[in-house]
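Chemist: predicted structure and sequence below. I'll ask about it afterward.
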Amino acid sequence: MSNFNDKLQILLKTDSRFIDQEWDLLRNEVIDKAFKIDEKLIELLIGDDEVKSKFFCEIKGHWVFNINTFVDFIQDKNFLNDSYTKYKNKIWLTIDGKFLKERNEVSLVRPYKDCILEWWQDKEDQKRKEIFFNEILAQDEIDRLLDSKVLTSWKKYNKDGEQKVESFTRDENGTIKDNLIIKGNNLLALHTLKKEFTNKVKLVYIDIPYNTGNDWFKYNDNFNHSTWLTFMKNRLEIAKVLLKKDGVIFVHCDNHEQAYLKVLMDEIFWSENFIETISVVNNPRWRDYWWIANMHEFINVFCKSQSYELFPIIDENKEFPYEDNLWWFEIRELRNRNTKFNEGNRPNLVYPFYLNPNKKDENGFFEIDIENKKDWIPVFPAKSEWIQTVRRRGKEKAKENLNINIVGKWMKENGRYQIIEKYRWNGRMARSVRWDKEVNSERWTLHLKELFSNKVFNNPKPEETIKRIIEISTENEDILLDYHLWSWTTCSVAHKMWRQYIGIEQMEYIETVAVERMKKVIEWEQGWISKSVNRQWGWEFIYCELKKYNEDFINQIEEAKDTKELLKIWEDMKTKSFLNYNVDINKQDEAIEEFKQLSLDQQKQTLVELLDKNQLYVNLSEINDKDFEVSEEDKKLNKMFYEL
């Protein structure tokens, strides 16, 4: 049997989908493709006579794949009895005769259906080699992962620099009105906000990871559509909880995941709450010569309920022809290409107005009527050459608006009277195509470079784009949330526009770049939109972090350079970390020599798997536990923040 096992393993390893970087066989990938009747896998198996005879049967001249027999064989612990598998089996306890990894419960880290994908990233321009595994936890344990966390490292920044946080500002309803910047895993930070901000956020804007295959989103399975959507689903569901009833969400992406994202958001926010997909044209010229030029990105816009309201865009430079905030246009006759006149198909829209040339008001508008009177002049609407969609009222509506919104005017440029309709200018609605070519990310990158005397981000979003989104979806002091902050444009623009904001980021540059950028905003940084929004000097924000625990050990493991360093970390883990309940420490120590024989990546994988993922950060419920060493100052501020 061992010879057959070896033969089958060698055969399966000829398919690159079934091997990892260490040339180990990925058992779960093989099983997944078997259940999907993968054509390449079937062709591989049936091509070997001995393998075919074991897993296929002949029925009326046709070979039929026996899936259950094959999967049972692959799952048997004797099939893949390599040193790493044997080692892991030694250090884990069993439940009902099965190792925990063989139990079909809920997957925490490896993304499958109904699972949680935690995810971590340190730096924008570095691909962290993630240590993510098929780690299984019971559902009640996963629930604790999403508990509110202890917040620490509190700081306040205002025009006088860094200050100590003494209290929080709340409105008459008890809602915190301070701007917040939170460092930590965004999924867990979002759940941390539940108690204070459920149904209170007016706008969520996120510029999500694009999953291009060339970015830093590198996981064991190249982070395919399924796992990327799991990542998005975890976070969009809690974002919806935080949104107000009349709140809206804008999700910025490109064409790599746009179609998948739209379907996912239909499911989470419901398709009837879909507002629009905005195309943002932002193509640098150098792309124009290559095949079909990719000229735009997408922003999917959804509301939480139909009670939402979007506001018109106000053009502060618009000039009005006769009085403040009013505009007018000629009433035109509705025509089309196939009929000379419209009497036949739209008789109610074909009628003259009559104008009194001897009576006009202080604005120069002449009195009009739709009934002919003595000495009044008949005035026909202007003709629309081959234009079908023109503004024209029926007679009853015209009567209601005569000499109010519908008036007569002498047109100097063509020497005739004309009927016009005036209306109050309240701005124009945003369009589903946003042209950002003149404010593209290349220019904005240069602006950030000027701020920091160095290039700190690749392809940041222009402030003008974020300004437009904030302008149409929020009013002063509405709460805005962004949990993929990247270059911190969202918070910068929100601060300039006097909107309350909550920003979440986990990357290590948050203090050296993000906080520094916001300090420049407070100091009256005049770049980009500052002038157009009448930027005011001042205001402030509060910075804090999710208090790490096991996450610190994961970071240490990731950074370890050799086995000696990992063994030292293991000694600390035994006394200071929270290990999974099913870990046998004695067995781990007894098998330490086998541990040393594993590759460095396998050693790291083993140690991370031993850690309880519910204790990545300190849960609020354990704030008084001495093991977590929460300071008295942090206890005080957390109690004020959560109103305990």
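Modeler: Nice, thanks for sending it over.
Chemist: so which helix or strand takes in the residue nearest to residue 476 when sequence neighbours are not counted?
Modeler: Distances taken as C-beta to C-beta, 6 or more residues apart in numbering put residue 498 closest to residue 476, at 5.3 Å, once the chain neighbours are dropped. Just so you know, the C-beta spots here come from the backbone N, C-alpha and C atoms, and that holds for glycine as well. Applying DSSP states H and E as the criterion places residue 498 outside every helix and strand.
Chemist: look up how far residue 539 lies from residue 498.
Modeler: 7 Å (C-beta to C-beta, to the nearest Å).
Chemist: and the longest strand for the protein?
Modeler: The residue-count maximum for a strand in the chain (DSSP state E) belongs to strand 243-253.
Chemist: heading C-terminal from that one, find the next helix or strand.
Modeler: Sequence-wise, the next helix or strand downstream of strand 243-253 (DSSP H and E) is helix 258-269.
Chemist: just the CA trace of that following helix, in CSV.
Modeler: Extracted in CSV, the C-alpha atoms of helix 258-269 (Å, rounded to 0.1, in the frame of the first residue of the first chain):
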residue,chain,number,x,y,z
GLN,A,258,-16.4,44.6,-9.7
ALA,A,259,-18.9,42.0,-11.0
TYR,A,260,-18.4,39.7,-7.9
LEU,A,261,-18.6,42.7,-5.5
LYS,A,262,-21.9,44.0,-7.0
VAL,A,263,-23.6,40.6,-6.5
LEU,A,264,-22.2,40.3,-2.9
MET,A,265,-23.5,43.8,-2.1
ASP,A,266,-26.9,42.9,-3.6
GLU,A,267,-27.0,40.1,-1.1
ILE,A,268,-25.9,42.1,1.9
PHE,A,269,-27.7,45.4,1.3
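Chemist: so what strands line up beside the helix or strand following that helix?
Modeler: The first helix or strand that comes after helix 258-269 along the chain, using DSSP H and E, is strand 274-281. If you go by DSSP bridges, strand 274-281 pairs up with strand 296-303 (antiparallel), strand 433-435 (parallel).
Chemist: can I get these in a markdown table with mean neighbour count?
Modeler: Converted to a markdown table, the strands paired with strand 274-281 look like this (neighbours: other C-beta atoms under 10 Å):
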| stretch | mean neighbour count |
| --- | --- |
| strand 296-303 | 22 |
| strand 433-435 | 14 |
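Chemist: could I get these as JSON lines with distance to residue 60?
Modeler: Below are the strands paired with strand 274-281 laid out as JSON lines (distance: least, C-beta to C-beta, whole Å):
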{"stretch": "strand 296-303", "distance to residue 60": "51"}
{"stretch": "strand 433-435", "distance to residue 60": "59"}
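Chemist: for those strands, which one sits closest to residue 550?
Modeler: Among those, the nearest to residue 550 by C-beta to C-beta is strand 296-303 (34.7 Å).
Chemist: what's the angle from that closest one to strand 243-253?
Modeler: 170 degrees (axes from the mean of the first three to the mean of the last three C-alpha atoms, to 10 degrees).
Chemist: name the residues that touch strand 296-303?
Modeler: The contact list for strand 296-303 (C-beta atoms under 8 Å, 6 or more residues apart in numbering) reads 246-255, 258, 261-262, 265, 269, 273-283, 434, 469.
Chemist: please pick the buried ones from these.
Modeler: 247-254, 258, 261-262, 265, 269, 273, 275, 277-280, 282-283, 434, 469 (16 or more other C-beta atoms under 10 Å).
Chemist: if we can go back for a sec, for residue 61, find the nearest of the strands paired with strand 274-281.
Modeler: Nearest to residue 61, of all these, is strand 296-303, at 51.2 Å by C-beta to C-beta.
Chemist: quick one: the closest one to helix 258-269, angle?
Modeler: Using the same axes, to 10 degrees, strand 296-303 lies at 10 degrees relative to helix 258-269.
Chemist: CA atoms of strand 296-303 as PDB?
Modeler: Provided in PDB are the C-alpha atoms of strand 296-303 (Å, rounded to 0.1, in the frame of the first residue of the first chain):
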ATOM      1  CA  HIS A 296     -11.900  53.800 -15.200                       C
ATOM      2  CA  GLU A 297     -12.600  52.300 -11.800                       C
ATOM      3  CA  PHE A 298     -16.000  51.800 -10.200                       C
ATOM      4  CA  ILE A 299     -17.800  53.000  -7.100                       C
ATOM      5  CA  ASN A 300     -20.800  50.800  -6.000                       C
ATOM      6  CA  VAL A 301     -23.400  52.900  -4.200                       C
ATOM      7  CA  PHE A 302     -26.000  51.300  -1.900                       C
ATOM      8  CA  CYS A 303     -28.300  52.600   0.800                       C
END
